[in-house]
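Undergrad: Quick one, fold the following:
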Amino acid sequence: DSRAFGTGEPAVLTWWSVSPDGEVLAAGLCTDGSERSGIHLIDVGSGAALPGPDLVVADAWTGGVQWLRDASGFFVTALVGDPHDFRHGLFRWDRATGATTPQDLPELDDQPDYLLASVARDGRWVVGYRRLMRPLPVALLDLDDPQGAWQPLITHGEHAVAGHVVDGALLAITDLDAPN
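TA: As a prediction, this is how the structure comes out:
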């Protein structure tokens, strides 16, 4: 019963993600049919609701939250301002402090579009993407770097680039100058 998660009314589960340590379930619950969802955190062992960020996720396109390898928090794409303006921001939420920190990724053609943080399997690297249908990796973050600053990657172009960090290298494919 979705009302048990604090919505107070029936809700639709739009996305879910379990922390790497298996202790916390993050779930997106929509109560108004819009696909917009609040972020609800549930202790897997007890079923109790946990405090989480006060953010609204536009829909399930970006998969909800992207957990950090040590389950200390996550990245999430959320709406900024009036939901009808459909402006996105990328945020990092810290489980210990409850702090929600906006992430500053390079702009891309001044077009409002999706932002996404993709945490690499090794847990060290995070690729920051802009655009949904033609994704472009605009920045890279090394979580082992004490400075913790996003480093620009590709900051312009109409082409798409998709890839993953493998052994510290970004392996990617692109449609730039591709005949098909």
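
Undergrad: Please count neighbours and contacts with C-alpha atoms only from this point.
TA: Fine.

Undergrad: so where does the most centrally placed residue in the chain fall, helix or strand?
TA: Centroid check for the chain by CA atoms, centre = their mean gives residue 76 as the closest residue, at 2.9 Å. Assigned by DSSP states H and E, residue 76 falls within strand 73-79.

Undergrad: How much space separates the residue nearest to the centre of the chain from residue 65?
TA: Residue 76 is 5 Å from residue 65, where distance means CA to CA, to the nearest Å.

Undergrad: thinking again about what came up before, helices or strands up against the strand holding residue 76?
TA: strand 56-57, strand 65-67, strand 88-94, strand 115-119 (3 or more CA pairs under 8 Å, 6 or more residues apart in numbering; DSSP states H and E).

Undergrad: low pLDDT regions in the chain?
TA: 1-8, 108-112, 180 (pLDDT under 70).

Undergrad: For residue 62, which residues are in contact?
TA: Residue 62 sits next to 77, 116 when contact means CA atoms under 8 Å, 6 or more residues apart in numbering.

Undergrad: can you confirm it is in a helix?
TA: No: assigned with DSSP: H, G, I helix; E, B strand; the rest coil, residue 62 falls outside any helix and is coil.

Undergrad: what's the distance between it and residue 10?
TA: Where residue 10 is concerned, residue 62 sits at a distance of 23 Å (CA to CA).

Undergrad: so how many other residues sit close to the nearest residue to residue 42 once chain neighbours are set aside?
TA: Distances taken as CA to CA, 6 or more residues apart in numbering put residue 49 closest to residue 42, at 4.6 Å, once the chain neighbours are dropped. Using other CA atoms under 10 Å, residue 49 has 16 other residues around it.

Undergrad: so how far is residue 59 from residue 49?
TA: Counting by CA to CA, the gap from residue 49 to residue 59 is 22 Å.
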